[in-house]
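# The sequence and its predicted three-dimensional model are supplied below.
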Amino acid sequence: MLEPGRLARSNNCPPSLRSSAAVLLGALFLSWPAFYNGFPLIYADSMSYMADGRPVARAVFLHQTSDYYGMRSFIYSLGILPFHWNFSPWPVVALQCLLAAFVVWLVMRAVLPRRSVPCYLGLMFCLSLLTSASWYSSIVLPDILGPLAYLAFFLLVFARDSLSRRERYALYGIAWWGLTAHSTHFMLAAGLCLLVALMLTVERRPLRRIVLPTAEVAAIVLVAALAQLALHGYLYGKPSLNGERPPYLMARIVADGPGRWYLEKNCGHLTWFICGHLDHLADNPDDFLWAPDGIWQTDTDEENKQLVREEMPLVLATMRAYPREQLARSSRNFWDQLNRFGLFDLEPSDWVGAEFGRIMPAAQTGYTRGRQAHNALPLELFSDTQYWVVLACLGLVCLGMVAGFISRIFPHRPVRLLELGVIVLVMPVANGLLTGVLSMPDDRYEARVIWLLPMLAGLMGMSWLSRDEQETRQLNSEFAR
């Protein structure tokens with residue numbers, strides 16, 4: 001890596017100013033879907049995240065409790081509250097784009113220290129135009145924070161020497177917020193701790209250099225868990241990691257079939273509340289939970305609590321009764337999820353428009369004027385584009401990883417690029433397994449991490465160019481002598 005003094009002497013512009021300008025421009029690239037739409041992108045869940053922050057803040061800071069706080073991440077809702085303040089979601093998009101651009105800058109600087117700012121901007125331009133990175137940065141959802149947390153773990157474990165103290169502290173905060181923003185981020189990060197420990201062990205590092213980095217990222221996971229437990233304990237009087245969540249696993253196992261079979265066979269002697277709904281169990285988890293005439297939406301709060309209490313007994317009993325059948329259906333869901341990473345459903349919604357009038361009336365006109373509200377976003381075009389880009393990049397990454405492991409052809413500390421490659425290849429697979437099996441196959445879940453593959457392919461391509469440039473300089477030097 002170029003030393004700060006050498007970099008400053010090689011350019012009239014100070015390095016810190018150049019990098020800051022590059023990150024700002026990278027963030028601007030990522031925000032183009034919001035500008036093209038004329039308004040930040042909004043999903044149905046976005047309204048909950050923007051609405052839940054205020055009652056939670058009143059409870060935490062003013063001790064004004066409420067009967068209901070919501071069912072999504074309160075810490076993400078609190079984090080974005082000072083930025084939108086129920087007035088406009090534009091600052092939330094600006095924050096997310098800046099965080100994404102900043103983390104990608106640190107990753108590129110760590111694995112390719114000799115590449116210049118124009119190369120970073122080229123990478124960001126391609127990611128924003130060809131992948132879901134820009135769409136997830138431009139929507140009011142916590143989904144972009146998951147991959148940023150995984151990249152932060154890579155930097156803190158494998159590229160710590162490339163970070164300043166302030167950058168490390170910033171990554172601590174980004175990773176912590178990302179893990180508390182969604183339960184799947186937390187679970188994947190916990191698994192990532194085990195992966196990095198295994199990678200460090202395979203690299204035959206000294207025990208101290210295995211334990212300390214792993215303990216550092218594990219501490220972030222632990223603090224995230226403690227924060228969730230403390231906040232939910234304060235709000236509900238009972239510590240929990242998920243708060244008042246719906247019975248996702250019950251909906252999934254019933255929709256798969258084995259859960260329904262178990263109930264049909266055993267409800268004659270069971271006293272479970274769900275047995276009263278045996279004649280109209282949904283074969284789709286979404287319908288079970290969110291359809292207006294679905295079980296979860298039509299039952300009372302007390303009845304829904306009873307469903308949550310029955311969830312794990314039903315799941316465990318079904319797994320004992322139909323292990324092979326459930327495994328087959330879970331495997332199918334996993335494979336389906338791996339192959340679904342198009343841009344998610346952003347069709348216009350009258351409900352969202354009405355919610356703006358309740359939650360953020362000053363922004364209602366902006367939403368209704370946007371392309372999203374008129375179903376005029378080119379979602380199919382960009383989904384198809386990303387699909388072929390991801391397939392091409394996956395092939396390039398696999399070839400590059402094999403070549404790197406066999407011949408170690410990558411210059412400039414090739415091990416670090418390979419370490420990043422392992423994490424980038426594993427996380428989409430783990431994400432597909434977790435979301436496909438425990439929730440339901442949905443484009444949104446996989447698309448939020450799939451952009452890491454094109455990012456890695458771009459870094460590998462620049463490494464190849466760096467190798468060619470180095471060989472050319474050596475040949476020219478030998479010819480001159």
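Looks like it arrived, so ask away.
# Compute the distance between Ser134 and Leu438, please.
Distance, Ser134 to Leu438, using Cβ to Cβ, to the nearest Å: 28 Å. In this view, the C-beta of every residue, glycine as well, is placed from N, C-alpha and C.
# no, scratch that, I was asking about Thr365
From Thr365 to Leu438 the distance is 39 Å (Cβ to Cβ).
# More neighbours: those two, which one.
More crowded of Thr365 and Leu438, by other Cβ atoms under 10 Å: Leu438, with 16 against 11.
# The host helix or strand of Ser331 - contacts with which helices or strands?
Assigned by DSSP states H and E, Ser331 belongs to helix 323-338. In terms of contacts (3 or more Cβ pairs under 8 Å, 6 or more residues apart in numbering; DSSP states H and E), helix 323-338 is packed against helix 248-256, helix 258-266, helix 414-438, helix 443-450.
# Can I get it as CSV, trimmed to CA atoms?
Output of helix 323-338 as CSV, limited to C-alpha atoms (Å, rounded to 0.1, in the frame of the first residue of the first chain):
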residue,chain,number,x,y,z
PRO,A,323,-38.0,-35.7,8.3
ARG,A,324,-37.3,-36.8,4.8
GLU,A,325,-40.3,-35.0,3.3
GLN,A,326,-39.5,-31.8,5.0
LEU,A,327,-35.8,-32.0,4.1
ALA,A,328,-36.8,-32.5,0.4
ARG,A,329,-39.1,-29.4,0.5
SER,A,330,-36.5,-27.3,2.3
SER,A,331,-33.8,-28.3,-0.2
ARG,A,332,-36.2,-27.3,-3.0
ASN,A,333,-36.8,-23.9,-1.4
PHE,A,334,-33.1,-23.4,-0.9
TRP,A,335,-32.3,-24.1,-4.6
ASP,A,336,-35.2,-21.9,-5.6
GLN,A,337,-33.9,-19.0,-3.5
LEU,A,338,-30.4,-19.3,-4.9
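# so where's the stretch 1-150 of the chain uncertain?
Scanning the stretch 1-150 of the chain for pLDDT under 70 picks out 1-15.
# Where do the helices of it begin and end?
Remark: helices assigned in the stretch 1-150 of the chain by DSSP state H, counting those that start in this stretch are 4-9, 15-30, 32-37, 44-61, 74-84, 90-111, 117-130, 133-137, 145-158.
# Okay, domains of this structure per the record?
Following the assignment in automatic domain parsing, the chain carries domains at 4-243+343-480, 248-321.
# most packed of these?
domain 4-243+343-480 (a mean of 18; mean count of other Cβ atoms under 10 Å).
# still on that earlier bit, tell me the first helix or strand C-terminal of the helix holding Ser331.
With DSSP H and E setting the assignment, the helix or strand that follows helix 323-338 is helix 350-359.
# shaky segments in the stretch 351-481 of the chain?
Ranges of the stretch 351-481 of the chain meeting pLDDT under 70: 404-414, 467-481.
# rerun at 80
Across the stretch 351-481 of the chain, residues meeting the criterion (pLDDT under 80) sit at 402-414, 465-481.
# And the stretch 201-350 of the chain, by the same measure?
For the stretch 201-350 of the chain, applying pLDDT under 80 flags the ranges 243-244, 299, 344-345.
# Go again with 90.
Across the stretch 201-350 of the chain, the ranges flagged by pLDDT under 90 are 202-210, 236-248, 268-271, 276-305, 308, 342-350.
# distance between stretch 280-289 and the chain's centre?
Distance of stretch 280-289 from its chain centroid, counting by Cα atoms, centre = their mean, to the nearest Å, is 26 Å.
# what's it in contact with?
Contacts to stretch 280-289, defined as Cβ atoms under 8 Å, 6 or more residues apart in numbering, come from residues 246-248, 250-252, 254-255, 257, 260, 263, 291, 294-297, 439-440.
# go with 7 Å
Pro246, Ala251, Arg252, Val254, Ala255, Arg260, Ala291, Gly294, Ile295, Trp296, Ser439, Met440 (Cβ atoms under 7 Å, 6 or more residues apart in numbering).
# With distance to Ile174 as extra columns, can I get the helices of the stretch 1-150 of the chain in a markdown table?
Formatted as a markdown table, those follow (distance: least, Cβ to Cβ, whole Å):
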| stretch | distance to Ile174 |
| --- | --- |
| helix 4-9 | 23 |
| helix 15-30 | 13 |
| helix 32-37 | 20 |
| helix 44-61 | 18 |
| helix 74-84 | 11 |
| helix 90-111 | 6 |
| helix 117-130 | 17 |
| helix 133-137 | 13 |
| helix 145-158 | 5 |
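# Which of those sits closest to Leu399?
Closest to Leu399 of the helices of the stretch 1-150 of the chain is helix 90-111 (Cβ to Cβ; 17.6 Å).
# Could you name the helices and strands sitting against that closest one?
For helix 90-111, the packing partners by 3 or more Cβ pairs under 7 Å, 6 or more residues apart in numbering; DSSP states H and E come out as helix 15-30, helix 74-84, helix 117-130, helix 133-137, helix 145-158, helix 165-181, helix 414-438, helix 452-480.
# ok and that helix relative to helix 74-84, angle-wise?
Here the directions of helix 90-111 and helix 74-84 differ by 110 degrees (axes from the mean of the first three to the mean of the last three Cα atoms, to 10 degrees).
# Between helix 165-181 and helix 90-111, find me the angle.
120 degrees.
# Need the residues that contact helix 90-111.
Residues from elsewhere that reach helix 90-111, judged by Cβ under 7 Å, 6+ apart: 19, 22-23, 26-27, 30-31, 34, 40, 80, 83-84, 115, 120, 123-124, 133, 137-138, 140, 144, 148, 151-152, 155, 159, 162-163, 167, 174, 416-417, 420, 455, 459.
# and Gly243, what does it touch?
By Cβ under 7 Å, 6+ apart, the residues touching Gly243 are Met71, His232, Tyr236.
# Who are the contact partners of Asp45?
Here Asp45 is in contact with Arg72, Leu141 (Cβ under 7 Å, 6+ apart).
# Equivalent analysis for the one 10 residues further on, please.
Counting by Cβ under 7 Å, 6+ apart, Pro55 makes contact with Ser66, Tyr69.
# Alright, calling it a day.
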